[in-house]
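# My questions are about this predicted structure, shown below with the sequence.
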Amino acid sequence: MDIRHLSPTYAVSPQIAEEDIAAIVQAGFTTIICNRPDEEIPPSHHASIIQAAAVDSGLAFVIIPVTHHGLNMDMIAEQKEALDASSGPTLAYCASGTRSSIVWALGQASDMSADEILTATANAGYDLAGMRPQLNALAKD
């Protein structure tokens, strides 16, 4: 499992599996957000399978499937609401962690500067520099 922290309360990861849940709990996460649509993965990794294991282990689990072409402001708001509602650190996952980083970045644009967001994502290995215009536009709204 490749967990990368973007902030003290938010981290991203590539696809997780049922057997990763114990390590996620041990790492101190209280919420998992699935940003990966089931259509991309085999049934053994569908959100409902991971959710059952997570809930059995006492974790909150939120499903917000994101595609690059389908990302919208409702998804960004839903992700931010899930983070705000979490009782502790949140782990979001998708195929590589990029989509989960993008959704977080867009959701933070009104609270953090573009420089802070892009530094956090770059430090985690995600180059989102091309999003600077969107981040700046959201900061002005």
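Cool, got the structure. From a predicted model like this one, the values you see are computed outputs, not experimental measurements.
# got the contact list for the residue nearest the centre of the chain?
Per Cα atoms, centre = their mean, the C-alpha nearest to the average position across the chain is that of residue 92, at 3.0 Å. The contact partners of residue 92, by Cβ atoms under 8 Å, 6 or more residues apart in numbering, come to 10-13, 32-35, 79, 100, 103-104. Where you see a C-beta, it was placed from the backbone N, CA and C, and this is true even at glycine.
# For the helix or strand encompassing residue 139, which residues meet the burial criterion?
Using DSSP states H and E, residue 139 falls within helix 132-140. Within helix 132-140, the residues scored as buried using 16 or more other Cβ atoms under 10 Å are 135, 138.
# Please work out the average pLDDT along it.
Mean per-residue pLDDT for helix 132-140: 88.
# thinking again about what came up before, checking my notes, the residue nearest to the centre of the chain in a helix, right?
No: assigned with DSSP: H, G, I helix; E, B strand; the rest coil, residue 92 falls outside any helix and is strand.
# Name the residues linked to it by a beta bridge.
Following DSSP bridges, residue 92 is listed with bridge partners residue 12, residue 33.
# Return the distance of residue 16 relative to residue 121.
19 Å (Cβ to Cβ, to the nearest Å).
# and the lengthiest helix in the chain, how far out from the chain's middle?
Within the chain, and with DSSP state H defining each element, the longest helix by residue count is helix 73-85. For helix 73-85, the separation from the chain centroid amounts to 10 Å (computed by Cα atoms, centre = their mean, to the nearest Å).
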